[in-house]
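Q: Return a 3D structure for these sequence lines:
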Amino acid sequence: MIAYSSQPHYLLAVDCIVFGFDGEHLKILLVKRGLEPEINKWSLIGGFVGANESPDDAANRVLKKNTGLEGIYLEQLQIYGEPNRDPIERTLSVGYFALIDIHKYQAQINDDYHAEWFLINDRPKLIFDHDQMVSDARKKLRYKAALHPILFEMLPKKFTIPQLQILFEEVNDTKIDTRNFSRKIGSTGLLIKLAEKDKSGSKKGAFYFKVDKKKYNANFQAFLNLIPNLKL
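A: Numbering: from 1, shown residues only. Model prediction:
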């Protein structure tokens, strides 16, 4: 048996890709890096894993420390381990992606680390391999959105069909025919129509809906045909 002490030792970090939806646009939350190398450049929200914590615990701690966010949807993406990804020392990073309704959590976000929202397609260049992480997370988000109700983590409890359509379009980076979308979404039977209307956009208004998660979980296949030429 090869002794542990004779093996190379590496640092372990976590990096969190936080996606948010404000009712109109898909955005990503970034911070200014606070240490060298690449100090003061835009970065994902990350940090090192402590000696007595799991990567999951570290990701939740780092998110709360750097942004104030806690209790949000967080899922492990993959491990990034190119030998030269960090120029200072060999560092493996466990990537995570998070999904939030920006309006719901806006009050939680602190200014200590200058966390800032950017349009997903109009973000600044990121340090290290963070742009690759964002690309991978977006692909995973598209895939998961086709199979599970995770996009509803980014919507308020009650929402309109136009809001839902915009979110699907933003996540999949494609335009969807409005009549077709409304017809298909109605045919799934997975949404519950409410009596209340959103009249912020017009006098006629748009009815609010909420998702029936029990039906969704039992019949998630109903959403698979909502997005033509889904980019998985």
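Q: Where do the domain boundaries of this protein fall?
A: Here the chain is described, according to automatic domain parsing, as comprising the domains 11-147, 151-219.
Q: need those in CSV with mean pLDDT, can you?
A: Converted to CSV, those look like this (pLDDT from 0 to 100):
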stretch, mean pLDDT
domain 11-147, 92
domain 151-219, 85
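Q: Pick the most deeply packed of those.
A: Each of the domains of the chain was scored by mean neighbour count; the highest is domain 11-147, a mean of 17, by mean count of other CB atoms under 10 Å. C-betas here are computed from N, CA, C, even on glycine.
Q: on that earlier part again, quick one, which of the domains of the chain gets closest to residue 3.
A: Nearest to residue 3 among those is domain 11-147; the distance by CB to CB comes to 19.7 Å.
Q: circling back: dump the domains of the chain into a markdown table; add distance to residue 4 as well.
A: Listed next are those as a markdown table, based on distance: least, CB to CB, whole Å:
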| stretch | distance to residue 4 |
| --- | --- |
| domain 11-147 | 15 |
| domain 151-219 | 40 |
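Q: how much space between residue 72 and residue 16?
A: Remark: distance between residue 72 and residue 16 (CB to CB, to the nearest Å) = 10 Å.
Q: immediately after the lengthiest helix in the chain, which helix or strand?
A: Taking DSSP state H as the criterion, the chain has its longest helix at helix 130-147. With elements assigned by DSSP states H and E, the helix or strand that comes after helix 130-147 is strand 159-160.
Q: Direction included, what does that next one pair against?
A: In the sheet, strand 159-160 lines up against strand 206-211 (antiparallel) (DSSP bridges).
Q: ok, residues contacting the strand it pairs with?
A: If you take CB atoms under 8 Å, 6 or more residues apart in numbering as the criterion, strand 206-211 is touched by 149, 152, 157-162, 164, 190-198.
Q: could you pull out the helices for the chain?
A: For the chain, applying DSSP H gives helices covering 55-67, 102-105, 130-147, 161-172, 178-188, 213-218.
Q: Let's see the fifth one as PDB, backbone CA atoms only.
A: Just to be clear, that refers to helix 178-188. Presented in PDB, the C-alpha positions along helix 178-188 are these (Å, rounded to 0.1, in the frame of the first residue of the first chain):
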ATOM      1  CA  THR A 178     -46.600  33.000 -27.700                       C
ATOM      2  CA  ARG A 179     -49.900  31.400 -28.900                       C
ATOM      3  CA  ASN A 180     -48.100  28.000 -29.200                       C
ATOM      4  CA  PHE A 181     -46.600  28.300 -25.700                       C
ATOM      5  CA  SER A 182     -49.900  29.300 -24.100                       C
ATOM      6  CA  ARG A 183     -51.700  26.400 -25.800                       C
ATOM      7  CA  LYS A 184     -49.100  23.900 -24.800                       C
ATOM      8  CA  ILE A 185     -48.700  25.100 -21.200                       C
ATOM      9  CA  GLY A 186     -52.500  25.000 -20.800                       C
ATOM     10  CA  SER A 187     -52.700  21.500 -22.200                       C
ATOM     11  CA  THR A 188     -50.300  20.100 -19.600                       C
END
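Q: orientation of that helix relative to strand 206-211 in degrees?
A: Orientation note: helix 178-188 sits at an angle of 40 degrees relative to strand 206-211 (axes from the mean of the first three to the mean of the last three CA atoms, to 10 degrees).
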